[in-house]
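Enquirer: sequence first, predicted coordinates after that:
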Amino acid sequence: MTQPTFPNGIWAVDFEFHPAHGQEGSLPIPVCMVAQELQSGRTLRCWQDELAAMSQAPFPTDSGALFVAYYASAEFECFNQLGWALPVNTLDLFTEFRWLTNGRQLLHGKKLLGALLYFGLPAITADEKDAWRDLVLRRGPWTDTERIGILDYCETDVVALANLYPKMAPLLDWPRALLRGRYMQALAGMETNGLPIDTDMLTKLIQHWPRIQNRLIADIDAEFQVYDGHTFKAARFAAYLAAQGIPWPTLPTGRLALDDDTFKDMAEVYPQLSPLRELRSTLSTMRSLKLPIGVDGRNRCMLSAFRSTTGRNQPSTTRFVFGLSSWLRGLIRPQPGSGLAYIDWSQQEFGIAAALSGDSNMMVAYNSGDPYLAFAKQADAVPQDATKHTHKAEREQFKQCVLAVQYGMGAESLALRIKQPVVRARQLLALHRQTYRTFWTFSDNVLNEAVLGGRLWTSFGWQIHTQATDEIKLNPRSLCNFPMQANGAEMLRLACILLTDAGIKVCAPVHDALLIEAPLDQLDAAVAQAQALMREASRAVLNGFELASDAKIVRYPDRYMDERGTAMWNNIMVRIGEPPYQPPPAA
Amino acid sequence: MTTQHNQAAPATLPNLEIIMTKNQSLTTVAPATTGFDLSAMRLPANYSAGMGVKKVLNKVPVGKPDKTKFFQVAVDEAFTFRVFLYEDKTANETYIVLPFVQPLLGSLARPAQLHAAIDRTDNPFLIPVILPGEDGQWNSWHESLAQGVEMAKDHWVRLTSNKSIGAYDVNQATAVLPEPVWPGATMEELIKIAFRGKIIDSADHPVIRALQGAV
C-alpha cells in the first residue's frame, strides 16, 4: 500500500525520563520532551514543568497527524503520566526496523544506533548516550547548562528519527505498520500498570534466603548427593544417573546436557528428578533476582515487544516476575479490594493450525472443546463415546502427539515423553499425518514458501526473512511452526489493543495469555468482556475462526499460584514460618 | 526550520515528581476505537500459492505390501497391467520381461498382473500378483494375494502370512478411515517410474547374459 499522507504533520518525538524516587519499577517522571515536525522542521523543546502544565500534547495527535518514535511505549508511558490523549496514528520505527530486518543478520543490533548505522546515517556514540542518560537518572536538580545539555541530547534522538523516517517510510507495509504502532500504546498501558507484588513476602524471602538456601540444598540433595556447597557437580550427577540407570542426553562434546529444558523433559519421564530440577532453577533464579518493584509495590519492566523472531514479547527472565521460577509467581497478589484473572486461549496453536491450514478435521477437533480426545476419536483409536475420564491414558498419548507435532519432535522424543516404545510414537505421528492431511500439505507449503520465496508472514503482516546465508542456517522445524507462533503473537497484540481500548486494566501479556486486574465487584464482568474481546481477536486473525479461552481468577486475599510451583512455594514457606498456599475452594 | 526553545523552568513551579507519583493510578487515555479495518488488512495464509511447487513422484516400490501396512488398490481397470516378471531374489529386484525375450528366460519369467496400490500416507506402489500357470494351478499364496487385492479395492486391508495354511490372511480395517489421495499419475507413468532401468528388452540384456553364464 502507498504511504498515506498526514496533513496535520509528521511528528518525531522523544522524552527523557527517570523512575519516580529513583526506584526501578516505579512510574516514569518525564524530564523533558523534544518534538519535531518532519516536513516543516518546526521543533518544540519542553522541560518537565511545562509538560506538567499541558493538558494535551503540544502537537496534533488526531487522525490527520502521525506520531513517530523509536520504541514508542516509553513515550506513551510519559503521555499516560501527563494525562495526555494518545495519538491516533503511531509509527514506531523500532517495530518497523524489526519488521524490515527480522531474520537477517544485523551488524549493529536493533536499537536506534543500529538502525541508523544500518541505513548509513550518522549517530552519536553509545558512550555519549550513557553519559546523558546517567545525568537524567540523577533526578536533578539540574543546572541551566545541564538542562540545555539534556534537551540537546534529547533532540539528537529526534534528529535521528527525522533522518531515519525518510529512509524507512517508503519500505514499510503501511496499514499494518500503524497497527503495530497502536500495539505499542497498549504495551505502554501494560508497562504502566505492572503486576501487584506481595512485597512483604518478597522482603521476607530475601532476608531469609541465605539461611533457607543452605537448608534447602541439604534437604533436597540428601537424595542425590550432587552438590558441593552451593555448586552443582556434573561428575556427581553423572554418577547418580549411572547408579539409577537413567540415560541422559549429552552435548556434541559428550558432556551431560544440563540446561533447564533438558531437566524439565527428563523430570517428566523420571519424576524423582523433579525436586532437583526445582532446586537448580530456584538457586539460579534467586542468584540473579533483580525484580524491579516500584514504590507502589508493582513489578514493572520493559516488556520487550517484537524482540523474538515470531514477534512475541520477550521480557527479561530476571526482571519480569513471570520469567522467574514458577513458584515465585506466588508473589503476585492482588491488592485489597482487587482481583486478577489469567486468561489464555485454549489450545491456541492447534486452533491456529486448524484455521490457517483449513483442515476441516482439525477444525472439528478444535471445536469439540477437547482436540486431543477428538483426535483419538478421529483416528478411531477410542470409541466415539469415550471421555477424558474413560480413556485418560489414550487421550494423554494423543495429546502428547499433538504437542510433539507442534514442537517438531521426532518419534524417539515422543516415545520418551509418553513412556512407550518408539514404534508406538511412530504410529501416533503417522496417525496425525493421516488424520490431518490438509494441515500437513499446508506445513509443506510453508516450508516451500520459506525456501523459495524467502519470506513468511502473518495475517497482519509480521514477517521473517528466510534466506539462508553462511551465517544464518534455516531450521525447517521453526519455519513450519512460524505461522502458528507468529499469528499467536499477532492475536495477543490485537487482544491487548481491544482490551485496553475497552478500559480493561491489563497488567501483562504472558506468552499466549493476559493477566488483567479489576475491583472485586467488577472482576467477573471484566473477565467476561476480556474473553469476548479475545474471541474477537482470534476471529480477526483467523478469518472468522474463533478460539475459546480459559480464565483463572484470583481474588484478594488469595495469591496467584502456578500449580507447577506450589510444592516448592510451600517448601519455602514452611522454612520461613509462613502458612502454605491453600487453593481457594472451587466456586 | 523553526525551533522553539523552552529551557528555563520558573522557580515557583511545583515539584513534578510529587505530582506524578500521586497520579500513579492514572489510566491510559486511549484513542476512542481501534480505528483499523481489520478485515481489509488481513493477509492470506496462502503460502507457496504462486510458487508452482508440486510433489514429484520419483519412486514407486514394487512388491507385496509390508505386513504392518494397510493399503487400498485402485478400482479402475486402467490401473492394472499384465506383464512377465523376473524376480532376482539375490538382489531383491523385480524386472519386467518383454514378451519377445520371455522364451529366453523360460519359467523364470512369470506372468503377473500389476495392480496400483496406495498406503495410508498416500504413497503409491505396485503389487504384482502372479497368475496361474499353464496348467491352471494357482499357488495358494498367490491366490490369497489376489483375493486380498480384490478386497483392497473397497477397504483398507493389511496382509499377513499364515504359514499353517500356506496363504495370506487378509485383515480389514474396521474403522472408518479417510480415503486415500491418489497421485495424478497414469498406470504407464507409475510403471515407468517403478521399473526405471529394470526392463529386460533384448536378448543381450545383462540379466539374460548372466543367467546364460555369459558374464
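Expert: Received the coordinates, thanks.
Enquirer: dump the residue contacts of the residue nearest the centre of chain A.
Expert: The residue lying closest to the centre of chain A (Cα atoms, centre = their mean) is A:Asn313, at 3.6 Å. The neighbours of A:Asn313, taking Cβ atoms under 8 Å, 6 or more residues apart in numbering or on different chains as the test, are A:187, A:303-307, A:489, A:509. C-beta coordinates here come from the backbone N, C-alpha and C atoms, glycine included.
Enquirer: same question for B:Ser161.
Expert: Contacts of B:Ser161 (Cβ under 8 Å, 6+ apart): B:67, B:141, B:167-169.
Enquirer: go through the residues you listed and say which is closest to B:Val101.
Expert: Nearest to B:Val101 among those, counting by Cβ to Cβ, is B:Trp141 at 26.6 Å.
Enquirer: and that closest one, helix, strand or coil?
Expert: Following DSSP: H, G, I helix; E, B strand; the rest coil, B:Trp141 is assigned to helix.
Enquirer: surely it touches B:Tyr168?
Expert: Yes. If you go by Cβ atoms under 8 Å, B:Trp141 and B:Tyr168 touch, sitting 6.6 Å apart.
Enquirer: which one's more surrounded, the two?
Expert: B:Tyr168 (23 against 16; other Cβ atoms under 10 Å in any protein chain shown).
Enquirer: burial check on the residue in the stretch 351-500 of chain A that chain B sits nearest to, number of neighbours?
Expert: Closest to chain B within the stretch 351-500 of chain A is A:Asp380: 3.1 Å, counting by Cβ to the nearest Cβ. The tally of other residues near A:Asp380 (other Cβ under 10 Å) stands at 15.
Enquirer: so which residues of chain B form helices?
Expert: B:16-22, B:38-41, B:102-105, B:140-151, B:187-194, B:206-211 (DSSP state H).
Enquirer: quick check: which of those is buried the most?
Expert: helix B:140-151 (a mean of 18; mean count of other Cβ atoms under 10 Å in any protein chain shown).
Enquirer: quick one on the thing from earlier: out of the contacts of A:Asn313, which is nearest to chain B?
Expert: A:Leu187 (10.3 Å).
Enquirer: ok, and does the host helix or strand of that closest one reach over to chain B?
Expert: In the assignment (DSSP states H and E), A:Leu187 maps to helix A:174-193. Yes. Contact of helix A:174-193 with chain B is found when judged by Cβ under 8 Å from any Cβ of the partner chain, involving A:175-176, A:178-179, A:182, A:185-186, A:188-189, A:192.
Enquirer: tell me the one of those nearest B:Val176?
Expert: A:Arg176 (43.4 Å).
Enquirer: so that closest one makes contact with A:Ser459?
Expert: No. Using Cβ under 8 Å as the test, A:Arg176 is too far from A:Ser459 to be in contact (9.5 Å).
Enquirer: ok, which stretches of chain B are strands?
Expert: B:3-4, B:71-73, B:80-88, B:93-97, B:109-119, B:124-130, B:157-162, B:167-172, B:199-200 (DSSP state E).
Enquirer: could I get the ones you listed as CSV with mean pLDDT and distance to A:Val295?
Expert: Converted to CSV, those look like this (pLDDT from 0 to 100; distance: least, Cβ to Cβ, whole Å):
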stretch, mean pLDDT, distance to A:Val295
strand B:3-4, 41, 34
strand B:71-73, 96, 71
strand B:80-88, 93, 84
strand B:93-97, 93, 81
strand B:109-119, 94, 67
strand B:124-130, 95, 71
strand B:157-162, 93, 71
strand B:167-172, 93, 73
strand B:199-200, 93, 86
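Enquirer: A:Asn8 is nearest to which of those strands?
Expert: strand B:3-4 (17.4 Å).
Enquirer: what's opposite B:Leu114 in the beta bridge?
Expert: B:Phe81, B:Pro128 (DSSP bridges).
Enquirer: and if you look at A:Ser338?
Expert: The partner residues for A:Ser338, given DSSP bridges, come to A:Pro519.
Enquirer: burial count for it?
Expert: 18.
Enquirer: go on, B:Asn58?
Expert: B:Asn58: 7 neighbours (other Cβ under 10 Å).
Enquirer: just the buried members of the contacts of A:Asn313?
Expert: By neighbour count, with 16 or more other Cβ atoms under 10 Å in any protein chain shown, the contacts of A:Asn313 hold A:187, A:303-306, A:489, A:509 as buried.
Enquirer: and the residues you listed, which is closest to A:Trp327?
Expert: Of those, the one sitting nearest to A:Trp327 (Cβ to Cβ) turns out to be A:Pro509, at 21.3 Å.
Enquirer: helix or strand: which one has the closest one?
Expert: A:Pro509 belongs to strand A:505-510, assigned by DSSP H and E.
Enquirer: neighbouring contacts of that strand?
Expert: A:186, A:189-190, A:193-196, A:303, A:313, A:320, A:322, A:340, A:342, A:344, A:492, A:496, A:499-500, A:514-518, A:526, B:27.
Enquirer: nearest to chain B, of the residues of helix A:174-193 next to chain B?
Expert: Nearest to chain B among the residues of helix A:174-193 next to chain B, with distances taken as Cβ to the nearest Cβ, is A:Gly189, at 3.8 Å.
Enquirer: low-confidence ranges in the chain?
Expert: In the absence of a named chain, this looks at chain A. Residues of chain A meeting the criterion pLDDT under 70: A:1, A:471, A:587.
Enquirer: um, chain B though
Expert: For chain B (pLDDT under 70), the answer is B:1-34, B:50, B:52.
Enquirer: closest to the centroid, which residue in it?
Expert: B:Asn123 (2.6 Å).
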